[in-house]
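K.L.:
Everything below, folded, please.
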Amino acid sequence: MLREAQRAPTLLVTGSNGQVGFELRRSLAPLGRVVALDRSQFDLTRPDALRELVRSIRPDVIVNPAAYTAVDKAETEAEAAFAVNGVAPGVLAEEARRLGSLFVHYSTDYVFDGTKDGAYLEGDAVNPQSVYGKSKLAGEQVVAATGAASLVLRTCWVAGAHGGNFAKTMLRLARERDSLRVIADQFGAPTTASLIADVTAQIVARHWLHAPGREAFPTGVYHLAAGGETTWHGYATHVLSRAAAKGVEMKVDPTRIEPIPASQYPLPAPRPANSRLDTGKLRDTFNIHLPDWAEGIDLLLDQILS
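P.N.:
Predicted structure coming up:
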């Protein structure tokens, strides 16, 4: 006798054309019916429309990588940044709570001021220095206030095969320019969008969709970043050295990129000098392995350069 098929869970993904959203469409696909919506279909600046759409879809899981990510532009577009990053996550979390669904949201190292000597723990004092960082912190706070079953994943230095990022910028500039100057006194771990999406899928599958008791789901804020650390200069050197080894023609010698302090490259929005995130809580709670950043970037470059 054939076993009656269970209803496949529905997973709603926002920002489906962003770096992380694009990868989530892949990583979540084996878990159920993925409803992936982009900005034209899911306007985060319209709370009433958000509620109506979520109620029509009735997802078992809402995954929200959509964000206002123009860090420098946010300094003059604070209202837009807060609408998307600081208000909309609370609306989505409220709807998730009403449905009894899980809400997964992504935040950033920019909630810290970057002055700590070592890697940041989840419980360390937050002190965002930019409008972008303040808007993302506001999002964390409104999600927590809803009381929804929620998972907030702070990450840093995101890079994906789909969309723009630092690695792609370095590859382009190395073809166009004879020399490059890159900041060497800001530290973090380049983290691929595919790693973020795969970790999200692992947690959702093992600890929510197939967990014996959802009331035991370990909600809260977790740090999600690749292993190891580097500087923007080290990151650029690695990317271009890998590209050179694969036969990519460039004007720049990867071994002669000039290291500079951040003070020589002023930007409208301040960046944390220290973006290192301690991921022990996530690794221990969910039994997750986070590979070294270089492994992920090498795989990313294989995709980009193929």
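K.L.:
could you measure residue 85 against residue 139, distance?
P.N.:
5 Å (C-beta to C-beta, to the nearest Å). In short, each C-beta sits where N, CA and C put it, glycine included.
K.L.:
do the same with residue 25
P.N.:
Residue 25 is 22 Å from residue 139, by C-beta to C-beta.
K.L.:
Comparing these two, which shows the higher neighbour count?
P.N.:
The neighbour comparison of residue 25 against residue 139 (other C-beta atoms under 10 Å) goes to residue 139, with 29 against 16.
K.L.:
if I read this right, the more buried one contacts residue 106, doesn't it?
P.N.:
No. Residue 139 sits out of contact with residue 106 when judged by C-beta atoms under 8 Å, with a separation of 9.2 Å.
K.L.:
elements contacting whatever helix or strand residue 171 lives in?
P.N.:
If you go by DSSP states H and E, residue 171 is part of helix 166-176. Using 3 or more C-beta pairs under 8 Å, 6 or more residues apart in numbering; DSSP states H and E as the contact test, the elements touching helix 166-176 are strand 158-159, helix 232-245, helix 293-305.
K.L.:
The ones you listed: which one's closest to residue 123?
P.N.:
strand 158-159 (22.9 Å; C-beta to C-beta).
K.L.:
and that closest one, which strands flank it?
P.N.:
strand 191-192 (parallel) (DSSP bridges).
K.L.:
quick one: contacts of the partner strand?
P.N.:
155-160, 224-226, 293, 296-297, 299-300 (C-beta atoms under 8 Å, 6 or more residues apart in numbering).
K.L.:
quick one on the thing from earlier: could you say which one of the helices and strands packed on helix 166-176 comes nearest to residue 255?
P.N.:
Once the helices and strands packed on helix 166-176 are compared by C-beta to C-beta, helix 232-245 is nearest, at 7.3 Å.
K.L.:
per-residue confidence averaged over that closest one?
P.N.:
Helix 232-245 carries an average pLDDT of 97.
K.L.:
how about the helix holding residue 171: buried residues?
P.N.:
Within helix 166-176, the residues scored as buried using 16 or more other C-beta atoms under 10 Å are 166-168, 170-171, 173-174.
K.L.:
Including pLDDT and distance to residue 209, could the residues you listed go into JSON lines?
P.N.:
Converted to JSON lines, the buried residues of helix 166-176 look like this (pLDDT from 0 to 100; distance: C-beta to C-beta, whole Å):
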{"residue": "166", "pLDDT": "96", "distance to residue 209": "34"}
{"residue": "167", "pLDDT": "96", "distance to residue 209": "33"}
{"residue": "168", "pLDDT": "96", "distance to residue 209": "34"}
{"residue": "170", "pLDDT": "97", "distance to residue 209": "38"}
{"residue": "171", "pLDDT": "97", "distance to residue 209": "38"}
{"residue": "173", "pLDDT": "97", "distance to residue 209": "43"}
{"residue": "174", "pLDDT": "97", "distance to residue 209": "43"}
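K.L.:
which of the residues you listed lies closest to residue 199?
P.N.:
Of those, the one sitting nearest to residue 199 (C-beta to C-beta) turns out to be residue 167, at 19.7 Å.
K.L.:
for the closest one, what are its contacts?
P.N.:
159, 190, 235, 239, 297, 300-301, 304.
K.L.:
can you rerun that using 10 Å?
P.N.:
157, 159-161, 190, 192, 235-236, 238-240, 242-243, 297, 300-301, 304 (C-beta atoms under 10 Å, 6 or more residues apart in numbering).
K.L.:
Of those residues, select the buried ones using a PyMOL command.
P.N.:
The PyMOL selection below is limited to those of the contacts of residue 167 classed as buried (16+ other C-beta under 10 Å):
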select buried, resi 157+159+160+161+190+192+235+236+238+239+240+242+243+297+300+301+304
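K.L.:
where are the low-confidence patches of this protein?
P.N.:
1-6 (pLDDT under 70).
K.L.:
quick one, strands of it?
P.N.:
10-13, 33-36, 61-64, 102-108, 149-155, 158-159, 181-183, 187-188, 191-192, 220-223, 230-231, 258-260 (DSSP state E).
K.L.:
nearest to residue 42, of those strands?
P.N.:
strand 10-13 (8.7 Å).
K.L.:
Show me what the closest one packs onto, helices and strands only.
P.N.:
Other helices and strands packing on strand 10-13, by 3 or more C-beta pairs under 10 Å, 6 or more residues apart in numbering; DSSP states H and E, are helix 19-27, strand 33-36, helix 47-57, strand 61-64, helix 88-99, strand 102-108, helix 193-204.
K.L.:
Tell me which of those sits nearest to residue 263.
P.N.:
Nearest to residue 263, of those and by C-beta to C-beta, is strand 102-108 at 22.4 Å.
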